[in-house]
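# just coords:
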């Protein structure tokens, strides 16, 4: 018999064999038992979780000679041919190849009226259905909503958001989730025992972690490791073949950070580079380690969880989690996540890794906010932290012993003078500190300037008296008309050098009251006097 990869050889043939999707499989079993079978199904989820496999098992359950049944026999002609993909009444279509509407019409729509050759139902399994064009989806709408009684549609997709809502509303949509790490490792253990392969638990856990929630990816990686190591597999073989970062290197880095050994960061980064690891993967695994340490620092009882630690590293991780605080681990997670993004587009990823590790060491030297609050309140101060200067000055007694005089309160009902800004306007002359009364006019020009200032002061007083809002005088060089208020706060028509105080200006420029100009009325065209033509003599 020809060689088959593990992903095809160990493909589930019954609903019970589908791992990690009990909600989907139980719903389909109950629907078959109650004869409530829909005309269209959509299976969505990540890659390698059993979408197409579930569709094939459902097709076998509906077309089995002993069915429809939730437990197909697996030995009849319909079951074996559907499992091998050569049944005439179960048509599998790759939507990436048959994208155009003409192919959809020729393969699917034109054959809907033809009855099944042998089976009970004529089933169309469309894989990666999101790759169909918009015209192809439109052509399938009527066929999916009201197909012939012997036709059933089954569609699988990894991007459910690209499937139109009109298709989803006419189908039963099933969301398949990623498979847990322990479930993948248990399935790999069953495969290894059946194939006669000796593999340690740490090696299988590394392979399951490399699968990232996909059973097919984990089985393909297992096949690759078997080809390298043979019938005996160790964790070193898995790390060498798949390029995974060994857990002991990550624990060493975290221990050096806990000891604040900044010099060791360069040696550990060099080891990661010499081992040929992808530095993005190193940073990603370090972020995962900080998450595991945070979980253990909050709940130490989860040390037995296989997703957090293997059997050989449980005690070391538990001891390491006690050396970090929760704030340290959360800050380290942020630093490592940012470093992974920076390494992605860097020409020197090693430098970014070293700087991220040094930044992690520096974060250990930060004092927690709770300790600082205790210091201010007079609690115990950690060693090496100096006393705050403000607190020491407040605690020191006064040399004279006299108490400062209390501020005198103004009498009730008195009006406090408002502070006026003395800051000169941009471009204006710097004001003189000499009082105006002491200035001596040296010429007629000074006398005229004094008289003009007196006239402007009188205009300012008149403008201030007619306005309900308090006004403030501006610089001498600004000549600004008294403005009409915005939203009716000030009503003043006299011109002055005063600006409005306390108003909410919508922009920096002053608002000037402008007179509305009305267009001049012109006489109708028929009443206008025509210009008298000039005679030739007058023109000459």
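Done, it's in. Computed from a prediction, not measured in an experiment: that's the story for all the values here.
# how does this protein divide into domains?
6-175, 180-244, 245-368 (automatic domain parsing).
# Residue 228 against residue 239, yeah?
No: using Cβ atoms under 8 Å, residue 228 is not in contact with residue 239; the gap is 11.2 Å. C-beta coordinates here come from the backbone N, C-alpha and C atoms, glycine included.
# Look at the two and report which has more neighbours.
Using other Cβ atoms under 10 Å as the criterion, residue 228 and residue 239 rank with residue 239 on top: 20 against 12.
# contacting residues around the more buried one?
Taking Cβ atoms under 8 Å, 6 or more residues apart in numbering as the criterion, residue 239 is in contact with 206, 245-246.
# and the gap between it and residue 247?
9 Å (Cβ to Cβ, to the nearest Å).
# Now residue 281. Nearest residue, chain neighbours left out?
On the basis of Cβ to Cβ, 6 or more residues apart in numbering, the spatially nearest residue to residue 281 that is not a chain neighbour turns out to be residue 245, at 5.8 Å.
# Could you double-check that that neighbour sits in contact with residue 280?
No: look at residue 245 against residue 280 with Cβ under 8 Å: they stay out of range, at 10.5 Å.
# These two: who's more crowded?
Neighbours per residue (other Cβ under 10 Å) separate residue 245 from residue 280, with residue 245 holding more: 22 against 18.
# can I assume residue 281 is in contact with residue 246?
No: Residue 281 sits out of contact with residue 246 when judged by Cβ under 8 Å, with a separation of 11.4 Å.
# So which of the two has more stuff around it?
When residue 281 and residue 246 are compared for neighbours, residue 246 comes out ahead with 18 against 15, by other Cβ under 10 Å.
# Mind pulling up the pLDDT for residue 189?
The per-residue pLDDT reported for residue 189 equals 93.
# That should have said residue 514, apologies.
On pLDDT, residue 514 comes in at 48.
# so how many other residues sit close to residue 83?
Burial of residue 83 is recorded as 17 neighbouring residues (other Cβ under 10 Å).
# Let's test this: what are the backbone torsions at it?
Backbone geometry at residue 83, expressed as degrees, to the nearest 10, gives phi -70, psi -30.
# I'd like the distance between it and residue 5.
Counting by Cβ to Cβ, the gap from residue 83 to residue 5 is 16 Å.
# Does residue 66 fall in a helix, a strand, or a coil region?
Secondary structure assignment for residue 66 (DSSP: H, G, I helix; E, B strand; the rest coil): coil.
# Does it touch residue 73 like I think?
Yes: taking Cβ under 8 Å as the definition, residue 66 is a contact partner of residue 73 at 5.4 Å.
# shaky segments in the stretch 351-500 of the chain?
In the predicted model of the stretch 351-500 of the chain, residues 368, 379-500 satisfy pLDDT under 70.
# Could you pull out the strands in the protein for me?
Here the chain has its strands, by DSSP state E, at 40-44, 90-94, 122-127, 151-157, 172-175, 198-199, 232-233, 471-473, 498-500.
# pLDDT weak spots in the stretch 1-150 of the chain?
For the stretch 1-150 of the chain, the stretches flagged by pLDDT under 70 are 1.
# Determine the number of other residues adjacent to the closest residue to residue 237 other than its chain neighbours.
Closest residue to residue 237 apart from its sequence neighbours, by Cβ to Cβ, 6+ apart: residue 229 at 4.1 Å. Using other Cβ under 10 Å, residue 229 has 19 neighbouring residues.
# Got the confidence number for residue 229?
88.
# Next: residue 281.
As predicted, residue 281 sits at a pLDDT of 89.
# who touches it in this structure?
For residue 281, the contact set (Cβ under 8 Å, 6+ apart) comprises 243-245.
# same deal with residue 17?
Contacts of residue 17 (Cβ under 8 Å, 6+ apart): none.
# which ones are touching the residue nearest to residue 281?
Neighbouring residues of residue 245 by Cβ under 8 Å, 6+ apart: 239, 272, 277, 281-282, 285.
# Of those residues, which is the nearest to residue 321?
Nearest to residue 321, judged by Cβ to Cβ, of the contacts of residue 245 is residue 285 at 16.6 Å.
# ok, that closest one touching residue 253?
No: under the criterion of Cβ under 8 Å, residue 285 makes no contact with residue 253, lying 9.8 Å away.
# Just send the contacts of residue 239 back as CSV, with distance to residue 44 too.
Formatted as CSV, those follow (distance: Cβ to Cβ, whole Å):
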residue, distance to residue 44
206, 29
245, 32
246, 36
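# Mind picking the lowest-pLDDT entry from those residues?
Among the contacts of residue 239, residue 246 has the weakest pLDDT, 82.
# Spatially nearest residue to residue 297 (excluding sequence neighbours)?
In this structure, residue 297 finds its nearest non-sequential neighbour in residue 321, 4.5 Å apart by Cβ to Cβ, 6+ apart.
# Just give me the neighbour total for residue 154.
Residues near residue 154, counting by other Cβ under 10 Å, number 24.
# How about it: which residues does it bridge to?
Beta-bridge partners for residue 154, by DSSP bridges, are residue 41, residue 125.
# Quick one: the helices in the stretch 1-150 of the chain, in order.
Per DSSP state H, counting those that start in this stretch, the stretch 1-150 of the chain carries helices over the ranges 6-9, 22-33, 51-63, 77-84, 101-107, 134-145.
# What of the stretch 301-450 of the chain?
According to DSSP H, counting those that start in this stretch, the stretch 301-450 of the chain carries its helices in the segments 314-321, 326-344, 349-363, 369-376, 389-395, 444-465.
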